[in-house]
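> only the shape, not the letters, is given here:
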């Protein structure tokens, strides 16, 4: 089972959130459960190629 951290807040009775690894892609839900379902959907879209030009984070090591 994969685990991914997400950040969320409540704004006027709506939960807004994003995956920590993809902060440019936000979604929302009327409940926290709906938000987490939407975050799972957007994760699948981001990693399946449905959404073009997804920004990814990398690490470089220098000697």
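Nice, thanks for sending it over. Not measured: the values here are computed from a predicted model.

> and residue 24, how far is that from residue 37?
With the distance defined as Cβ to Cβ, to the nearest Å, residue 24 ends up 20 Å from residue 37. Where C-beta positions appear, they are placed from N, C-alpha and C, glycine not excepted.

> compare neighbour counts for the two and give me the winner.
residue 37 (13 against 9; other Cβ atoms under 10 Å).

> residues in contact with the more buried one?
residue 29 (Cβ atoms under 8 Å, 6 or more residues apart in numbering).

> next one: residue 32
With Cβ under 8 Å, 6+ apart, residue 32 has these contacts: 8, 15.

> quick one: the residue nearest to residue 20 when sequence neighbours are not counted from residue 60, how far?
Nearest residue to residue 20, sequence neighbours excluded (Cβ to Cβ, 6 or more residues apart in numbering): residue 5, at 4.1 Å. Distance, residue 5 to residue 60, by Cβ to Cβ: 22 Å.

> looking at these two, which is more packed in?
Taking neighbours as other Cβ under 10 Å, residue 5 and residue 60 compare with residue 5 leading, 7 against 4.

> would you map the helices across the chain?
Along the chain, counting by DSSP state H, helices occupy 32-48.

> can you give me the distance of the residue nearest to residue 20 to residue 50?
Note on residue 5: its distance to residue 50, by Cβ to Cβ, is 22 Å.

> leaving out sequence neighbours, find the closest residue to residue 46.
Leaving aside its chain neighbours, residue 46 sits nearest to residue 54 (5.2 Å; criterion: Cβ to Cβ, 6+ apart).

> give me every residue that touches the one you found.
Residue 54 makes contact with 22, 25, 46, according to Cβ under 8 Å, 6+ apart.

> the first one contacts residue 46, doesn't it?
Translated: residue 22. Yes: with contact defined as Cβ atoms under 8 Å, residue 22 and residue 46 form a contacting pair (5.7 Å).
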